[in-house]
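*Asks:* after the sequence you'll find the predicted model.
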Amino acid sequence: MNLSTIDLNLLHVLAVTLEERSATRAARRLGVTQSAVSNALARARELLGDPLLVRDGRGMAPTPAAEELLPELAAAMGQLRAVIEHRRAFDPRTSTRELTLACADNSQIADVPPVAAALAREMPLARLRVVSIDYLVASGGMSAGGIDAVIGLRKGDPGLRAVPLYRDPTVGMVRRGHPVVTGKRLARSAFPRLGFVDVHITLGRPGRGRALVEEAFRAQGLVRRMALVVPGFAAAAMAAAGSDLVACMPRRVARALGANLPVRIVDLPVEDLGHEMWLLWHERTHKDPAAACLRRVILETLRAVDGPVVRSDPG
């Protein structure tokens, strides 16, 4: 018997009719007509190859096969109800879900620690799994499933929802006692004498954020000599701390890394060089209560640091 060809509603009607021993009472309980119950009962008889219920005076009497079937049907219907009620009655305190967040190196360093701490308070039995943007791309993106949320630059992909998180200016990082960069701002005249660290986050290639930074520099007639290419901001910060190279990175990650390294954070000679970071998720998880809880925690936690981006997205 192919389960996919079975109308499960028949089994529900059958279970209620067996319990009531009456098509009339079963129809009243189910909120349908008596003829609908009779039609369903006829189809159930054909499906199971048994009369199931026979007339007995004013009521109906179950056959031996039906008597044997009733407790199994009742248990199956109870399990289905439990599944549905459990979903409706989502409790973050008892949920053991694994939730997956995709984000780049900068958010892994600056955003994940406070989000993980906040989620542990909200969903103490859940597990947060953090994956890279490389993984997101290699696994087919958010539409392929498996990713509950993304922190990153906004994308216009179909099926994605997005809300703004924060705007993160780009800053420079140099070692303490740097021989060329001595003030609080990186001077334009110093560019020809400096080597920079380039960060290629996504699949070993320059990402959208890096492209925006480079475009802003070139618009001001500034050209960076890339002396080192690394796959993440942590490696860039370590390189800057141990050499005369300059690393450019979002301010939030610079603060997080700079707290533990002998470096200084300097402003860049380009105004408003920053990225708007967004929280993105796919339509398929929009109504999932656990994923919605994760999104709320991310929004409340990260917006509390620097405040939200001014623009908003009604989606």
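*Replies:* Sure thing, it's come through.
*Asks:* in terms of helices and strands, where is the residue lying closest to H286 once chain neighbours are set aside?
*Replies:* Spatial nearest neighbour of H286, excluding adjacent residues (Cβ to Cβ, 6 or more residues apart in numbering): R161 at 6.2 Å. Where C-beta positions appear, they are placed from N, C-alpha and C, glycine not excepted. Element membership for R161 (DSSP states H and E) is strand 160-175.
*Asks:* so which elements touch that strand?
*Replies:* helix 233-241, strand 246-250, helix 251-258, strand 263-266, strand 274-282, helix 289-306 (3 or more Cβ pairs under 8 Å, 6 or more residues apart in numbering; DSSP states H and E).
*Asks:* who's in contact with the closest residue to L73 other than its chain neighbours?
*Replies:* Counting by Cβ to Cβ, 6+ apart, A15 is the residue found nearest to L73 once chain neighbours are left out, at 4.1 Å. Going by Cβ atoms under 8 Å, 6 or more residues apart in numbering, A15 touches 70, 73-74, 77.
*Asks:* now do 10 Å
*Replies:* By Cβ atoms under 10 Å, 6 or more residues apart in numbering, the contact list for A15 reads 26, 44, 69-78.
*Asks:* and for E271?
*Replies:* E271 sits in contact with 169, 216, 220, where contact means Cβ under 10 Å, 6+ apart.
*Asks:* and W281, by the same measure?
*Replies:* Contacts of W281 (Cβ under 10 Å, 6+ apart): 142, 147-150, 159-163, 288, 291-292, 294-295, 298.
*Asks:* which stretch of helix or strand covers A118?
*Replies:* Secondary structure (DSSP H and E) places A118 in helix 112-122.
*Asks:* output that helix as PDB - backbone C-alpha positions only.
*Replies:* Output of helix 112-122 as PDB, limited to C-alpha atoms (Å, rounded to 0.1, in the frame of the first residue of the first chain):
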ATOM      1  CA  VAL A 112      28.700  36.400  17.300                       C
ATOM      2  CA  PRO A 113      29.900  36.600  20.900                       C
ATOM      3  CA  PRO A 114      27.200  38.900  22.100                       C
ATOM      4  CA  VAL A 115      24.500  37.200  20.000                       C
ATOM      5  CA  ALA A 116      25.600  33.700  21.400                       C
ATOM      6  CA  ALA A 117      25.400  35.000  24.900                       C
ATOM      7  CA  ALA A 118      22.000  36.600  24.400                       C
ATOM      8  CA  LEU A 119      20.600  33.500  22.700                       C
ATOM      9  CA  ALA A 120      21.900  31.300  25.500                       C
ATOM     10  CA  ARG A 121      19.700  33.400  27.900                       C
ATOM     11  CA  GLU A 122      16.700  33.200  25.600                       C
END
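*Asks:* tell me the mean pLDDT for that helix?
*Replies:* Averaging pLDDT along helix 112-122 gives 97.
*Asks:* what does that helix rub up against?
*Replies:* 92-93, 95, 99, 101, 103, 107, 126-128, 130, 149, 151, 256, 293-294, 296-302, 304-305.
*Asks:* coming back round to it: just the buried members of the contacts of A15?
*Replies:* Buried members of those, counted by 16 or more other Cβ atoms under 10 Å: 26, 44, 69-70, 73, 77.
*Asks:* lowest pLDDT pick from those residues?
*Replies:* Lowest pLDDT among the buried ones among the contacts of A15: M77, 74.
*Asks:* what's the spacing between the closest residue to it other than its chain neighbours and S35?
*Replies:* In space, and not counting its chain neighbours, M77 is closest to A15: 5.4 Å by Cβ to Cβ, 6+ apart. The gap separating A15 from S35 is 19 Å, by Cβ to Cβ, to the nearest Å.
*Asks:* over to L261?
*Replies:* Distance from L261 to S35, by Cβ to Cβ: 79 Å.
*Asks:* quick one: which of these two has more around it?
*Replies:* L261 (17 against 10; other Cβ atoms under 10 Å).
*Asks:* A strand includes that one, no?
*Replies:* No - assessed with DSSP: H, G, I helix; E, B strand; the rest coil, L261 is coil; it does not lie in a strand.
*Asks:* tell me the contacts of it?
*Replies:* Contacts of L261 (Cβ under 10 Å, 6+ apart): 173, 175-176, 234, 237-238, 240-242, 254.
*Asks:* if we use 6 Å, what do you get?
*Replies:* L261 sits next to 237, 241 when contact means Cβ atoms under 6 Å, 6 or more residues apart in numbering.
*Asks:* tell me what the residue lying closest to P250 once chain neighbours are set aside is bridged to.
*Replies:* Counting by Cβ to Cβ, 6+ apart, P250 lies nearest to D168, which is 4.2 Å off, once chain neighbours are set aside. With DSSP bridges as the criterion, D168 is bridged to H275.
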